[in-house]
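Student: with the sequence up front, the predicted model follows.
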Amino acid sequence: MIASALAPVMTPALLSTLRNHPGLPRHTWYIVAASALAVLNRPDEIPKIYTYVVETGSHGADLSSSPDQQLRVARRMREALIKTSAIGGVPKTINSLLSLKGATPPGMLDEPGYPSPTGRVKDVYEVPCSEVLQRGQTFFDKIYGKIARRIMGQLDRSGTEDLGLTARLVYGHIISNTSILTPAETSFVLIAGLIPQDVNPQLKGHLRGALNGGATVEQVRAVREVTLMICEASGMRRLAEDAVGGWGWRTEVANV
């Protein structure tokens, strides 16, 4: 029996709706969409986003993108996918980045010999580890505010202190790097990657963290709304709380 092809997610109508959503900050819809699709395991849909931006511009009245704008969009999408790895898994990020690469002209790539502008290579080989970890801790503290110490303590006492170590490494080297995406945009990426996973405890922290990073309530709600649109277009649905199977959410998705 031949398996049927997956139904398309990013239809022209949905792409247009996201691009023109009035509640999203300018030039963020495509990083939100790419992050959600990566976690939904639909890397095949990610090139549609980049192609659509190139053809129509990234926001509002823009009708097309200049080469500089296309490079900026490509880098922002790649950075969103890198940061999504922290909450969705490296394998999905690998597949998503390779899928995006297939739609990206060679001049828009940051390959060896043309290093990424994030500076992560320097963080690994030239910057003292203590500085990178402190940057991550500062970012973590800003996201979680007055409960940051309690949250990190829970990770350290999860049964293995390695969980807290993992969080420190991820925040230091991945999440706290704001060379490409701002703190608020980073939170948008994390929110978009958490919603498809039905993990409300973690989602609640990052919804508040986006506010701590400078986003407004309206912007955070807009990110939640468009992510739900993408999830539902992918087949996710609200499930009964005692459901033993299915793909969706067992409780109402957290909001601010």
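Tutor: Now that the structure is in, tell me what you want to look at. Numbering: from 1, shown residues only.
Student: any idea how far His181 lies from Phe188?
Tutor: Rather than His, residue 181 is Leu. Using CB to CB, to the nearest Å, one gets 8 Å for the distance from Leu181 to Phe188. From N, CA and C alone the C-beta is placed, and that goes for glycine too.
Student: which of those two has more residues huddled nearby?
Tutor: Just comparing Leu181 and Phe188: by other CB atoms under 10 Å the higher neighbour count belongs to Phe188, 31 against 22.
Student: quickly find the element holding the more buried one.
Tutor: Counting by DSSP states H and E, the secondary-structure element that holds Phe188 is helix 183-194.
Student: elements contacting that helix?
Tutor: helix 29-39, helix 67-88, helix 129-144, helix 200-212, helix 217-233 (3 or more CB pairs under 8 Å, 6 or more residues apart in numbering; DSSP states H and E).
Student: surely Gln70 meets Met108?
Tutor: Yes. Taking contact to mean CB atoms under 8 Å, the distance of 5.9 Å between Gln70 and Met108 places them in contact.
Student: how about the helix holding Phe188 as PDB, C-alpha atoms only?
Tutor: Coordinates of the C-alpha atoms in helix 183-194 are reproduced here as PDB (Å, rounded to 0.1, in the frame of the first residue of the first chain):
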ATOM      1  CA  PRO A 183      15.300  38.700  23.100                       C
ATOM      2  CA  ALA A 184      11.600  39.200  22.300                       C
ATOM      3  CA  GLU A 185      12.000  37.500  18.900                       C
ATOM      4  CA  THR A 186      13.800  34.700  20.600                       C
ATOM      5  CA  SER A 187      10.900  34.200  22.900                       C
ATOM      6  CA  PHE A 188       8.500  34.200  19.900                       C
ATOM      7  CA  VAL A 189      10.500  31.300  18.400                       C
ATOM      8  CA  LEU A 190      10.400  29.400  21.600                       C
ATOM      9  CA  ILE A 191       6.700  29.900  22.000                       C
ATOM     10  CA  ALA A 192       6.100  28.800  18.400                       C
ATOM     11  CA  GLY A 193       8.100  25.600  19.100                       C
ATOM     12  CA  LEU A 194       6.500  24.800  22.400                       C
END
